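A.B. asks: Fold the following.
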Amino acid sequence: MTSAPPLPVSSPQVPTPLPSSRSGLSAEELADYLGEIGGTLVAYGCPSYRLEEVIGRIGEVEGFAAQGFAFPTGLIISLRASRATPPLLRMVRVRQWQTNLDRLVLVDTIFNAVADRKLSIREARERLADIDNRPLPYPRVLEWIAVATASAAVAVFLRGRLVEVEAAAAAGLLIGFLAWALSKVPNGRFLAEFVGGLVAASAAGLASRLYPGASREVIVLSGVIALIPGLTLTTALAELARKNLVAGAGRLMEAMVGFTSILFGIALELGIEHVTKLAPTAAAARAGLPLEWQAAALVAASLAFAVLFSVPRVYVWSAIASGAIGYVATSLGTTFLPGHIAAFLAALAVCSSSNVFARVTGRPAQLFQLPGLTLLVPGSFGFLSLESFLSGDYLKGAAQGFQMILVAAALVSGILLSNVVVPPRKLL
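C.D. replies: Next up is the predicted model:
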């Protein structure tokens, strides 16, 4: 009687280690680097489609297939050496974010140094870790003054009189201070839009009672201009146009929540006025301030947005140039063309010139785009649309809402066309 042969004992499967990158870095270290630079770019306002291109390019240079899935609050990265090897995954969660062009330029400098083999990835990771500890390029008090200056400048653009300009500046200064104070309280930063709307509406109500004929609409809209998420709306539509659907939809909802939070702050103040029977006086006709005021407001607004976006001091000139190009293009366009066509041409002019500046200086195009685009974004239309719905004028609200979408689409089309007319040499 013969016994059956013993069954073969299979040895445990050992994962095939991923090869090293072309720079001699392990796959794990490369994945960590991608997560760190990607998370930093998300936190400092880099659009998702640009970030995903950066991750893919770094992986290609290092001999890996790298893919990024970016959205406003996080990033998922997949790194693979070949189809036969398992992917290496990294996930980064971003809890606080802001548009900080000074730090974006620093990240771009590190990225370029690594790409040119002037800096190792290990050294790059050390420098990335030090960026968050870098002091802001402008003192905090100057940021509050910048919010007040931007509010005053927008009041001039809206043909406000001196009383509206002064009231808008006061409201902007208080809003800037309160936004900073709320950021120091746990979860307080999420109340900035609501409190800003309440403060602006209260300032407008007080000004209209102290100075009969003062325009509440000009004061409110100018006061909250730093909080209106018009740039977020435009970025959202640009990402949707590039089929970044998750990131675009997320930013779109962020913009809508920002609009409604501001609006509820205004509605609360109007409700208090209704209960207390403090009806405002009718606004007087506005003729606007002279041309020299418009020119001064343009320079002031450009400098204010340079501070709010943390533009490096050496590139403050770019904020003035970008704002001037957008303002001149819009003024000429609205003189002869419909508003949405003027917005399209202005965005094309601003972004094309920004790509030229980026080619010459070797810096990210966003550094030159944002100050000029901020003066073009259609946030005021969205705000006025919601305000009209609140007052019961649904037809006017729908018309203004459609105008907002039309202008935003025109801006996005101008941005996309500019990248074809003057292709950027850099990913950022």
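A.B. asks: Mind splitting the protein into its structural domains?
C.D. replies: The chain breaks down by automatic domain parsing into domains covering 27-131, 136-305, 311-428.
A.B. asks: how about the strands of the stretch 1-150 of the chain, start to end?
C.D. replies: Using DSSP state E, counting those that start in this stretch, the strands of the stretch 1-150 of the chain run over residues 65-71, 74-80, 88-93.
A.B. asks: So for residue 28, which of the ones you listed sits nearest?
C.D. replies: With CB to CB as the criterion, residue 28 lies closest to strand 88-93 of the strands of the stretch 1-150 of the chain, at 6.9 Å. For glycine as for every other residue, the C-beta is placed from the backbone atoms N, C-alpha and C.
A.B. asks: Pull out the buried positions in the closest one.
C.D. replies: Neighbour counts over strand 88-93 (16 or more other CB atoms under 10 Å) mark 88, 90, 92 as buried.
A.B. asks: Dump the strands of the stretch 1-150 of the chain to CSV, plus mean pLDDT and distance to residue 125.
C.D. replies: Formatted as CSV, the strands of the stretch 1-150 of the chain follow (pLDDT from 0 to 100; distance: least, CB to CB, whole Å):
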stretch, mean pLDDT, distance to residue 125
strand 65-71, 90, 16
strand 74-80, 91, 15
strand 88-93, 90, 13
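A.B. asks: And those: which comes nearest residue 234?
C.D. replies: Here strand 65-71 is closest among the strands of the stretch 1-150 of the chain (CB to CB), at 17.3 Å.
A.B. asks: how about the strands of the stretch 1-150 of the chain, which one is nearest residue 375?
C.D. replies: strand 65-71 (27.0 Å).
A.B. asks: which secondary structure elements does the closest one contact?
C.D. replies: Packing contacts for strand 65-71, counted by 3 or more CB pairs under 8 Å, 6 or more residues apart in numbering; DSSP states H and E, involve helix 27-43, helix 48-61, strand 74-80, helix 245-276.
A.B. asks: rewinding a little: can you lay out the buried residues of strand 88-93 as a markdown table showing distance to residue 304?
C.D. replies: Shown next, in a markdown table, are the buried residues of strand 88-93 (distance: CB to CB, whole Å):
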| residue | distance to residue 304 |
| --- | --- |
| 88 | 44 |
| 90 | 38 |
| 92 | 32 |
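A.B. asks: Between these, which sits nearest residue 150?
C.D. replies: Distance to residue 150, by CB to CB, is smallest for residue 92 among the buried residues of strand 88-93, at 31.9 Å.
A.B. asks: can you tell me which residues contact that closest one?
C.D. replies: 35, 36, 38, 39, 42, 74, 75, 76, 77 (CB atoms under 8 Å, 6 or more residues apart in numbering).
A.B. asks: Can you give me every residue that contacts the first one?
C.D. replies: Read that as residue 35. Taking CB under 8 Å, 6+ apart as the criterion, residue 35 is in contact with 75, 77, 90, 91, 92.
A.B. asks: Would you mind listing where the protein has pLDDT under the threshold?
C.D. replies: 1-24, 279-286, 377-387, 389-392, 394, 426-428 (pLDDT under 70).
A.B. asks: Let me see the ranges of the helices in the stretch 51-200 of the chain.
C.D. replies: 101-115, 121-131, 140-157, 162-183, 192-210 (DSSP state H, counting those that start in this stretch).
A.B. asks: Relative to residue 332, which of the ones you listed is closest?
C.D. replies: Taking the helices of the stretch 51-200 of the chain one by one with CB to CB, helix 140-157 is closest: 15.4 Å.
A.B. asks: just checking, what packs against that closest one?
C.D. replies: In terms of contacts (3+ CB pairs under 8 Å, 6+ apart), helix 140-157 is packed against helix 162-183, helix 216-223, helix 291-308.
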